[in-house]
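Asks: Okay, predicted coordinates and the sequence, questions at the end:
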Amino acid sequence: MLKKIVHIFKKIAHLIIAICLMIFAYFLLRGDLLPFLQWWLLVLLLGISYMPLTSKIFETFHDQGYLFSKVIGIAITGYLMWLLSSLRILKFTQVSCVIALVLGLLLNLVLFLIRKKYASNSNKSIVSSNISIDTKLLRTLATEELIFFALFLIFIYIKAFKPEAYGTEKFMDYGFMTSMMRSDYMPPQDFWFSGTNLNYYYVGQFMATFLTKLSFVKVSHGYNLMLMMIAALAVVLPYSLVYNLILGYSKVDGNAKGKVKKMMPTIGGVIAGIGVCLAGNMHYPVYKWFIPIFRKVMGMEPSNYHYWFPDATRYIGYNPETNDKTIHEFPAYSFVLGDLHAHVINIMFVLTLLGILMAWQNSRRNVETSRVPIWKELFQPYFILIGFYIGIFHTTNFWDFPIYFVVSGAIILFSNMVVYNFSIKSLWLTLLQGIVILGISELVCFPFTLNFDQISSKIRMAVNHTPLYQLIILWGLPITMVTSFLIFSISAFRRNNRKTKENKITEDKLGLFRFMEELKPSDLFIITIGLCAIGLILMPELIYVQDIYSGDYKRANTMFKLTYQAFIMFGICFGYIFVRMIAYGQTKRQRSFGIVGLILFVMTIFYTGNATKAWFGDVFNRERYKGIDAAAFMETEMPDDYLATKWLNENISGNPVVLEANGDSYTDYQRVSVITGLPTVLGWRTHEWLWKSNPQILDVRAADIQTIYTSTNEDEVRDLISFYNISYIYVGKLELEKFENVNHQLIKSLGTVVFSIRETEDKSYETYIVKLNR
């Protein structure tokens, strides 16, 4: 009887868990449950819809790449909508988004039918062709979906304690989305430099806006839902990748047996997910624990230093203070801070690219190279997708374009060398494959580059260098684990080849090739991305890309963008290397080294707990729950502007220019254009300087704005209004602070006051909007 009950429970366990999670979601999210479910259901639909394509690419994965299918669906469907809009074939509307979704569904339906027909013609069962779902696979997919749902739920709940798109660069990110919500075609108008196209890598935020429209949620909800979905994917995608890496290793390792080692893929996957999404660097253990303990042991006075989580990302040049200030952020910091930046959105795309590269490498295991025509080697579905994603990077976060082109090249080269026995063919074949990938990527991003002016491209030699001890604190642990894994692998190779003199590495000129040949594919993959990550750490010590940031901040952006990707690849390496060393290590030294590394790694995880408490407060106190509306802060922080921008959103369609006071970056200025998406004459100065690469034109516009607000010459003001095609003039608290002598009488005489309210507390000023007579 008990066995029967257990059997029944196993069959309905997923259903029970799903019901419990839904009840839990209702309890946690309150009125935010509906937009959360709309977003999740859309991502679920995209993931299922693209399984015919994904299962073909990831056919060697235990789940046929189901988790990656979500991102592939988002990328292809979103890109299709962006392309049709860029070519002015379809307007960027909700109806058009649905059309793009349907086109994607039809594409995968055709692919499914073709594969089914091929399987039938080949006298194979549908199951053997990997396009059907058996019971075991269905349970796996259900488990993964429940894990994704739970993570997404927990992350969005925590985010609801500080949901505002306010502070740091959130105004910019949210403004991208609100302006694209109003745009018919791409590229969108620069909402901070009216009359021109947005000259920035905006397609990542376009994907967020696309999902917002397609899920029928408000843009103020879509901002936070997109960010926390990426956070959930930043856990489950590395999990899937490392799970399959370890599973692949265990299948070819004769010692990888037993119940304990059957759990190793899961354990490694969990470590990888935590390593990418939730871990910090060693700065936290060193400055939070090690140094205070050392001072106490040595009888020294306690330090007044209070750990502040951004310190782990602003260490070099800040502690101690020097003239070489850099940035070295990582995903956990990004998700806590809440800026929906290009590099954050691209996390899910770069992880998917790494998954595709791994799937391609797996597909090479039993290749009979003599029977593969060259055109098939060049135009594989894998390379089409790799080229597609690298092309996408050119439009979302340009730095990832060269980074992952090199990473892809390294993985492809090393795999070809092994498959083709290190012949010259492996070199020229890799070169041709690289050309194909680059050609596809350039084709994918061509509509974007056609309307884009390169922001920065000059490479300079680094003058400043990071002190060694700071490099060790920030990157010592991952670099040590990768290099030690490589050394242990070489040592194992030497031991295995020590029996015959001719096989000794010291006497064999092809020792390196033999070492690579004997490496398990999973080991080769991890060593490759690990070495690439180390290269990204070292590169800013040698060179940097020159941009508008000079003086103390010359290296900041270069180090930031390179080391961010290094951190992601290191996180994946952690999940694999710790399991390989501890569970499969051949020597006591290797296992001990892995255990010590794992202990240090676990210490870095506490960083996220510290950061979450510092930024969000007590997330267990439900009275502090604010909701997931990113724009709700306006009602309390800027009550008059809240009412005025609400009026604009409710009454103004299209993209008429609304003049507001311009201001410096990272300030409250541009709140009108950000909240409404309506373009203004000039926005944040530093950002527009970066995008336009010409500070002189910014100065001209700034002077013209001052003239419009303060001049007594009506003809001059009307000429400027006509020149900038201004439809509305906004006057509020910030305009009065910016310009001492606002000419209210002249401004109001230029049109009709369509909105007016006096400041609710002291009635000291009036916020009003004038619709200009044209």
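Replies: In hand now; what should we look at? Residues are numbered from 1 along each chain as shown.

Asks: just checking, residue 303 is part of a strand?
Replies: No: using DSSP: H, G, I helix; E, B strand; the rest coil, the assignment for residue 303 is coil, not a strand.

Asks: what number of residues lie near it?
Replies: Neighbour count of residue 303, defined by other Cβ atoms under 10 Å: 10. Heads up, the C-betas are built off the backbone N, CA and C, glycines and all.

Asks: now swap in the one 5 residues further on and tell me
Replies: Here the number of neighbours of residue 308 (other Cβ under 10 Å) works out to 11.

Asks: and if you look at residue 192?
Replies: Residue 192: 27 neighbours (other Cβ under 10 Å).

Asks: how far away is it from residue 571?
Replies: 35 Å (Cβ to Cβ, to the nearest Å).

Asks: same thing with residue 539?
Replies: Distance from residue 539 to residue 571, by Cβ to Cβ: 19 Å.

Asks: More neighbours: which of those two?
Replies: Neighbour totals were compared for residue 539 and residue 571, and residue 571 leads with 28 against 17 (other Cβ under 10 Å).

Asks: Give me the pLDDT value at the more buried one.
Replies: If you check residue 571, the pLDDT there is 98.

Asks: Quickly find the element holding it.
Replies: helix 556-582 (DSSP states H and E).

Asks: what element comes up after that helix heading to the C-terminus?
Replies: Assigned by DSSP H and E, the successor of helix 556-582 is helix 588-616.

Asks: how big is the angle separating that following helix from helix 556-582?
Replies: 130 degrees (axes from the mean of the first three to the mean of the last three Cα atoms, to 10 degrees).

Asks: what is the mean pLDDT for helix 588-616?
Replies: For helix 588-616, the per-residue pLDDT averages 96.

Asks: same for that helix, what does it pack against?
Replies: Helix 588-616 is packed against helix 135-159, helix 264-277, helix 283-285, helix 331-337, helix 468-496, helix 556-582, with contacts defined by 3 or more Cβ pairs under 8 Å, 6 or more residues apart in numbering; DSSP states H and E.

Asks: buried stuff in the fifth one?
Replies: Using 16 or more other Cβ atoms under 10 Å as the burial criterion, the residues of helix 468-496 that qualify are 470-471, 473-479, 481-482, 484-486, 488-489, 492-493.

Asks: So which elements touch it?
Replies: Going by 3+ Cβ pairs under 8 Å, 6+ apart, helix 468-496 lies up against helix 511-518, helix 521-538, helix 556-582, helix 588-616.

Asks: The closest residue to residue 340 other than its chain neighbours: what's it in contact with?
Replies: Leaving aside its chain neighbours, residue 340 sits nearest to residue 173 (4.1 Å; criterion: Cβ to Cβ, 6 or more residues apart in numbering). Neighbouring residues of residue 173 by Cβ atoms under 8 Å, 6 or more residues apart in numbering: 165, 205, 223, 339-341.

Asks: so residue 464 makes contact with residue 470?
Replies: No: using Cβ atoms under 8 Å, residue 464 is not in contact with residue 470, being 12.0 Å away.

Asks: How about the contacts made by the nearest residue to residue 279 once chain neighbours are set aside?
Replies: Sequence neighbours aside, residue 604 is the residue nearest to residue 279 in space, at 4.7 Å (criterion: Cβ to Cβ, 6+ apart). With contact set as Cβ under 8 Å, 6+ apart, residue 604 has these partners: 279-282, 284-285, 477.

Asks: Determine how far stretch 149-160 lies from the middle of the whole chain.
Replies: How far stretch 149-160 lies from its chain's middle: 17 Å, per Cα atoms, centre = their mean, to the nearest Å.

Asks: in it, what counts as buried?
Replies: 149-160.

Asks: Next: stretch 537-554.
Replies: Buried-residue list, stretch 537-554, by 16+ other Cβ under 10 Å: 537, 539-540, 544-545, 547, 549, 553-554.

Asks: just stretch 41-57 next, same as before
Replies: For stretch 41-57, burial by neighbour count (16+ other Cβ under 10 Å) applies to 42-57.

Asks: So which of those residues are in helices?
Replies: Applying DSSP state H to the buried residues of stretch 41-57, the entries found in helices are 42-49, 51-57.

Asks: For those residues, which two are the farthest from each other?
Replies: Pairwise distances across those peak at 23.0 Å for 42 and 56 (criterion: Cβ to Cβ).

Asks: where does the stretch 1-150 of the chain have low pLDDT?
Replies: 1-10, 119-133 (pLDDT under 70).

Asks: quick revisit: comparing the helices and strands packed on helix 468-496, which comes out most buried?
Replies: A comparison of the helices and strands packed on helix 468-496 by mean neighbour count, using mean count of other Cβ atoms under 10 Å, puts helix 556-582 on top with a mean of 25.

Asks: angle of that one against helix 264-277?
Replies: Using the same axes, to 10 degrees: helix 556-582 against helix 264-277 is 160 degrees.

Asks: Surely residue 287 touches residue 311?
Replies: Yes: with contact defined as Cβ under 8 Å, residue 287 reaches residue 311; the gap is 7.1 Å.

Asks: Tell me which residues of the longest helix seen in the chain come out buried.
Replies: Counting by DSSP H, the longest helix found in the chain is helix 219-252. Under the neighbour-count criterion of 16+ other Cβ under 10 Å, helix 219-252 has 219-250 buried.

Asks: And for the helix or strand containing residue 295, what's in contact with it?
Replies: Using DSSP H and E, residue 295 sits within helix 291-297. With Cβ under 8 Å, 6+ apart as the test, helix 291-297 has contacts from 301-303.

Asks: give me phi/psi at residue 546?
Replies: phi -70, psi 130 (degrees, to the nearest 10).

Asks: Grab the nearest non-local neighbour of it.
Replies: Per Cβ to Cβ, 6+ apart, closest to residue 546 is residue 458, 4.2 Å.

Asks: ok so, going back, make TSV from the helices and strands packed on helix 468-496 and add distance to residue 117 to it.
Replies: Shown next, in TSV, are the helices and strands packed on helix 468-496 (distance: least, Cβ to Cβ, whole Å):
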stretch	distance to residue 117
helix 511-518	39
helix 521-538	32
helix 556-582	37
helix 588-616	49
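
Asks: looking at those, which is closest to residue 68?
Replies: helix 556-582 (13.8 Å).

Asks: and the angle from that closest one to helix 521-538?
Replies: Using the same axes, to 10 degrees: helix 556-582 against helix 521-538 is 150 degrees.

Asks: quick check: angle from helix 556-582 to helix 219-252?
Replies: Going by the same axes, to 10 degrees, helix 556-582 makes 40 degrees with helix 219-252.

Asks: now helix 556-582: how far from the chain's centre is it?
Replies: On Cα atoms, centre = their mean, the centre of helix 556-582 falls 14 Å from the chain's centre.

Asks: looking at the protein, which helix or strand does the model trust least?
Replies: Here the helix or strand of the chain ranked lowest by mean pLDDT, DSSP states H and E is helix 259-262, holding a mean of 64.
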